[in-house]
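A.B. asks: when you get a sec, could you give me coordinates for this:
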Amino acid sequence: MRVIFITREGYNQPGGRIRSYGFARELKKRGVDTEVFSFADNLGAKAGDRERNFAVRQKLPLIFKGIKHLFSKRNCLFVVNRFNYHSFSPWMCSLINKNPYIFDMDDWEAREDLGYYLGLLPKSKAEFLTRVFAKRSKLCIAASSYLEGYLSKINKKVYKIPTGVDLEAFKPKTFSKNNRKVIFSWHGLINRKDTLEELAFMMRCFLSVNKKFTSTELWIKGSGIFIEDFLKLLAQLNSPNIKYIPWSSPDSIPSYLDSVDIGLFPLLKENRFNLSRSPTKVFEYMAKNIPVIASRIGEAEHIIRSGDNGFLALNKDEFIFSMQTLIDKPGIRHALAEKAYEYVKDNYSLDILCQKFYRIFSEYFG
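C.D. replies: Prediction:
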């Protein structure tokens, strides 16, 4: 049976790059006939920054184009990444042609406030339709423990497969033995106001650390709809030791991380979005032999064993303490980095994750 991975994202977005293109490539190595149908790459939809401004009149033509492409794909299994406007194309084809589909959920794309108005009308139409779509799915794939619990209330067949990392691209870096500056880093999309708050928190933590450890820098590599707001904040802080690096191809991230010593992953709110995330950048840090300091929120708690393969921090004081420890004690930094690499290699590589995906596929559709 041919397996078609369907995503609204393109190769440049983590969900599309790893959970569609990456999974499809790994399954193909195991003899599965796979294809990726991306609304961004195949139909020209502007997934990412501009997509937030899409009106219904812009989405409908894309949905119909998707139906036209998928309608001829009989005797195929659809793997639909997330629920959004693109999901209606495989859903309609599944209803007409009886294509089985797998719902792959790796993010929260509905509003935070759930429930019903007057006990009848759902506050979040997206969340309501997500549940309907998940219930009709032959099985569901959840990228995080939170989503596994959420989907398990809807569908009896739910399997957890995190996003993971491609170890062929992200190879471990060698440790620097010279006395150069210690580089902290964050990289990713700045598409949410929450992310702005997290970056502000991270920069203020760094400035506190930098007063004592002057031979340090913080690099922030990103882009997104709030990039101008971020640059204004950066200008207000006016620190020569915080450097902004414009976003480029995701294929450039492995070489960028070769110069990084410590990865940061701050979260501030314990909301559905943060609880749902399978943190791609955490896996990338770990694969590159880079120790991570992450907030004690969401999936990071299931990945990082604090003090063994990274640090978990609950608040600003703990973040600062962890940052200072990894600067002041390079032996601990290197030990955590080596443990991090071994852990991600054994548990979160695309090869390992797709072995599980292949077993699931073989059991239900082989």
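A.B. asks: so who does the closest residue to Leu234 other than its chain neighbours touch?
C.D. replies: Closest residue in space to Leu234, ignoring its immediate chain neighbours: Tyr244 at 5.9 Å, by C-beta to C-beta, 6 or more residues apart in numbering. (Glycine included, C-beta is placed from N, CA and C.) Contacts for Tyr244 were tallied using C-beta atoms under 8 Å, 6 or more residues apart in numbering; they are Ile220, Lys221, Phe230, Leu231, Leu234.
A.B. asks: against Ser185, how distant is Tyr244?
C.D. replies: For Tyr244, the distance to Ser185 equals 12 Å [C-beta to C-beta, to the nearest Å].
A.B. asks: do the same with Phe213
C.D. replies: The value you get for Phe213 to Ser185, if C-beta to C-beta is used, is 16 Å.
A.B. asks: now Tyr146
C.D. replies: For Tyr146, the distance to Ser185 - C-beta to C-beta - is 26 Å.
A.B. asks: do Glu168 as well
C.D. replies: Distance, Glu168 to Ser185, using C-beta to C-beta: 22 Å.
A.B. asks: which of the two has more residues huddled nearby?
C.D. replies: Each of Glu168 and Ser185 has its neighbours counted (other C-beta atoms under 10 Å); Ser185 has more, 22 against 11.
A.B. asks: would you map the strands across the stretch 151-300 of the chain?
C.D. replies: With strands called from DSSP state E, counting those that start in this stretch, the stretch 151-300 of the chain shows them at 158-160, 182-189, 216-223, 242-246, 262-265, 292-295.
A.B. asks: Val80: which of those is closest?
C.D. replies: strand 158-160 (14.8 Å; C-beta to C-beta).
A.B. asks: contact partners of stretch 136-144?
C.D. replies: Contacts for stretch 136-144 (C-beta under 8 Å, 6+ apart): 19, 79, 91, 94, 100-107, 134, 148, 150-151, 154-155, 157-163, 275-278, 298-299, 302, 357, 360, 364.
A.B. asks: ditto for stretch 343-355
C.D. replies: Here stretch 343-355 has contacts from 18, 22-23, 26-27, 30, 161-162, 164-167, 283, 286-287, 303, 305, 309, using C-beta under 8 Å, 6+ apart.
A.B. asks: could I have the CA atoms of that stretch written out in PDB?
C.D. replies: Taking Å, rounded to 0.1, in the frame of the first residue of the first chain, the C-alpha atoms of stretch 343-355 are listed here in PDB:
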ATOM      1  CA  TYR A 343      20.200   9.500  25.000                       C
ATOM      2  CA  VAL A 344      18.900  11.100  21.800                       C
ATOM      3  CA  LYS A 345      20.700   8.600  19.700                       C
ATOM      4  CA  ASP A 346      19.100   5.700  21.500                       C
ATOM      5  CA  ASN A 347      15.600   7.200  21.800                       C
ATOM      6  CA  TYR A 348      14.900  10.100  19.400                       C
ATOM      7  CA  SER A 349      16.700   9.500  16.200                       C
ATOM      8  CA  LEU A 350      14.600   9.300  13.000                       C
ATOM      9  CA  ASP A 351      15.800   5.800  12.500                       C
ATOM     10  CA  ILE A 352      14.600   4.600  15.900                       C
ATOM     11  CA  LEU A 353      11.300   6.400  15.700                       C
ATOM     12  CA  CYS A 354      10.600   5.100  12.200                       C
ATOM     13  CA  GLN A 355      11.200   1.600  13.300                       C
END
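A.B. asks: model confidence over it, on average?
C.D. replies: The pLDDT scores in stretch 343-355 average 96.
A.B. asks: got the buried residues for that stretch?
C.D. replies: With burial defined by 16 or more other C-beta atoms under 10 Å, the residues of stretch 343-355 counted as buried are Tyr343, Val344, Lys345, Tyr348, Ser349, Leu350, Ile352, Leu353, Cys354.
A.B. asks: the spatially most central residue of the chain: what's it in contact with?
C.D. replies: For the chain, the residue sitting closest to the mean C-alpha position, by C-alpha atoms, centre = their mean, is Thr280 at 4.3 Å. By C-beta under 8 Å, 6+ apart, the contact list for Thr280 reads Pro14, Ile18, Thr163, Val165, Gly188.
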